[in-house]
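A.B. asks: Take this sequence and fold it.
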Amino acid sequence: MVQTTPFLLVLFLVLGAHSLSVKKCILTGTWVNDLGSNMTIMSVNAKGVFAGSYHTAVTATTNEIKVSPLHGSLQKSPNQKGQPTFGFTVNWSFSDSVTVFTGQCFVDDYGKEVLKTMWLLRSHVEDIKNDWKATR
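C.D. replies: Here you go, the predicted structure:
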């Protein structure tokens, strides 16, 4: 009679250990969204600070779209488990507005890195009476 218990235990440990591995999402690189805008993050320093550029595919102005600088911060908490939260600001080079983004970097079930973000855009208005229409 062959002992199958040790074999099954080893097989379970091998398969179980694979599914417990932490999938890490790396923020650096080039990202493209579903509208065709693209963002490049150069590097993230030890404090989580990063810089890069954003080239939007959409705008509310008639100005020529230009690549714009971005500056941000990545949460460096040990509780992030490889799928960090972050925020960044884009100072648009072609308009009088600024957008802030906040989000999280995920690794999906297929191993693809995905950024999920929300944004808030603030445009310049001439006076406080028009403040209501300055934020989208």
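
A.B. asks: Name the nearest residue to residue 82, sequence neighbours excluded.
C.D. replies: residue 24 (3.6 Å; Cβ to Cβ, 6 or more residues apart in numbering). From N, CA and C alone the C-beta is placed, and that goes for glycine too.

A.B. asks: Let me know whether that neighbour touches residue 106 as I believe.
C.D. replies: No. In this structure, residue 24 is not within contact of residue 106 by Cβ atoms under 8 Å, at 10.6 Å.

A.B. asks: shared neighbours, the two?
C.D. replies: residue 83 (Cβ atoms under 8 Å, 6 or more residues apart in numbering).

A.B. asks: ok, which stretches of the chain are strands?
C.D. replies: Assigned by DSSP state E, the strands in the chain fall at 29-32, 38-44, 49-55, 68-74, 85-91, 97-107, 113-123.

A.B. asks: and residue 41, how many residues sit next to it?
C.D. replies: 22 (other Cβ atoms under 10 Å).

A.B. asks: ok, it to residue 88 distance?
C.D. replies: 8 Å (Cβ to Cβ, to the nearest Å).

A.B. asks: can you check residue 120 too?
C.D. replies: From residue 120 to residue 88 the distance is 12 Å (Cβ to Cβ).

A.B. asks: Straight-line length of stretch 108-126, end to end?
C.D. replies: 44 Å (Cα to Cα, to the nearest Å).

A.B. asks: Just the residues contacting that stretch, thanks.
C.D. replies: 23, 25-26, 31, 60, 95-107, 131, 133-136.

A.B. asks: Select only the buried ones of those in ChimeraX?
C.D. replies: Selection of buried members from the contacts of stretch 108-126 for ChimeraX, criterion 16 or more other Cβ atoms under 10 Å:
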select :25,31,95,97,99,101,103,105,107
